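**Q** Any chance you could fold what I've pasted below:
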Amino acid sequence: MDQASEARGAGRPLRGLAAAALGCAGLAACATPMPTRLPPTASSQSTARPYSGPPAPGSTAGLRGTEKPYQIKGIWYYPKADRDYDEKGIGSWYGEQFHNRRTANGEIFDMDVPSAAHKTLPLPSIVEVTNLDNGRKLQVRVNDRGPFVDGRIIDLSKAAAEQLGYGRAGVAHVRVRYVGPAGKTPFDQPRMIASAPPPSEPRYAPAPRTRVYNSGLPPAQPAYDAPPPPKAADPDYVPSAPSAPVVPAEPAPVLAGAETVNGGAGSAYRVQAGSFANRGNAERAVAQLGEAGETSIEPIQRAQGVLYRVVVQAGPDEAEAFGVRDRVAALGFSDATVLRP
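**A** The predicted structure follows:
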């Protein structure tokens with residue numbers, strides 16, 4: 001009995017310690033907060049951007065070549081038709097480097113024919129491009145992909161950029177609006193020419209002064225061989241307030257030294273083929289431009305000497321003027337420019 005009592009007495013402290021440890025663990029568990037799922041804050045979420053990763057497997061099934069996603073410089077682009085597409089940005093143009101090469105849809109790129117390149121709109125399709133710097137707009141056929149430069153939303157052919165008035169500048173602020181699908185070939189579309197902005201509202205002009213007669217009608221006048229007497233002599237005439245005297249306009253100055261080589265009158269638009277310091281070179285240019293139209297040499301006096309400018313008359317229509325410019329460029333004067341009236 002004494003040994004059993006001693007064993008039970010020795011185990012009591014151990015059981016007490018175990019109970020105390022269990023109690024402390026329970027208290028600690030109650031004091032520790034449980035993790036919760038908090039909604040993400042705005043700062044923890046990244047800014048929403050268009051998806052630029054690779055397409056999901058099987059997502060391109062049934063799409064033809066120009067409808068499939070493609071990758072340029074590590075970025076994926078997803079072509080699609082967007083009837084509500086209407087965007088503003090920078091427009092550029094491309095020309096000789098890609099002339100006579102294949103476009104993204106297999107056509108032959110001609111820099112002298114209006115066309116355009118876009119990153120995602122269907123090929124081919126029609127878009128309306130407005131030059132926000134001058135108000136001119138043009139409907140053009142999209143048959144290529146690009147431009148792949150930040151901030152640029154469309155790349156036009158050289159001819160289209162010139163019609164919109166930024167061929168020399170290279171870039172312009174433009175608005176691009178999706179119009180609809182295009183014909184299968186470029187020949188299915190009518191020729192497109194840029195339209196000028198609408199004319200500004202005419203200034204108010206006061207109505208002309210009218211003579212007022214007491215009887216309501218002017219007095220009858222007999223037939224005279226000589227001019228009739230002034231109306232102021234009529235007893236029935238009530239003169240109105242005198243109007244301001246009319247000052248005849250001075251005639252426009254004539255450019256001194258202009259020489260017409262092929263004859264003919266001047267026109268509103270002209271095409272400058274080039275400027276030469278040597279008159280003999282200017283005369284050779286005139287001979288070379290015989291097929292382009294009426295050509296003239298305009299001597300321009302400068303501090304460094306006389307400069308001989310060779311110009312071709314282009315007519316009153318601006319679109320026709322750009323056509324003359326293309327003919328002049330085809331004859332070897334690639335820097336030909338349209339001179340506005």
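**Q** Please count neighbours and contacts with C-alpha atoms only from this point.
**A** Fine.
**Q** Show residues contacting stretch 164-176.
**A** 85-93, 127-134, 136-138, 153-154, 158-159, 161-162, 194 (C-alpha atoms under 8 Å, 6 or more residues apart in numbering).
**Q** brain fart, stretch 144-158
**A** Contacts for stretch 144-158 (C-alpha under 8 Å, 6+ apart): 72, 88-95, 103-105, 110-120, 123, 167, 176.
**Q** how about 7 Å then?
**A** Residues external to stretch 144-158 that are found in contact with it (C-alpha atoms under 7 Å, 6 or more residues apart in numbering): 89-95, 103-105, 111-112, 114-119, 167.
**Q** domain parsing for the chain?
**A** Per automatic domain parsing, the structural domains of the chain span 65-188, 259-339.
**Q** Of all those, which one is nearest P54?
**A** domain 65-188 (6.2 Å; C-alpha to C-alpha).
**Q** Drop anything exposed from the contacts of stretch 144-158.
**A** Buried members of the contacts of stretch 144-158, counted by 16 or more other C-alpha atoms under 10 Å: 90-94, 103-104, 111, 114-119, 167.
**Q** Among the residues you listed, which are located in strands?
**A** I90, G91, S92, W93, Y94, A116, A117 (DSSP state E).
**Q** Please name the residues that touch the last one.
**A** Right, the one you point to is A117. So A117 contacts V142, N143, D144, R145, G146, P147, I154, D155, L156 (C-alpha under 7 Å, 6+ apart).
**Q** Low-confidence ranges, the stretch 151-300 of the chain, go.
**A** 187-268 (pLDDT under 70).
**Q** Could you check how far A160 is from A321?
**A** A160 sits 14 Å away from A321, going by C-alpha to C-alpha, to the nearest Å.
**Q** swap in A329?
**A** From A329 to A321 the distance is 12 Å (C-alpha to C-alpha).
**Q** Please say which of these two ends up with more neighbours.
**A** Neighbour count, other C-alpha atoms under 10 Å: between A329 and A321, A321 has more, with 23 against 17.
**Q** pretty sure the more buried one is in contact with G315, am I right?
**A** Yes: A321 sits in contact with G315 when judged by C-alpha atoms under 7 Å, with a separation of 6.5 Å.
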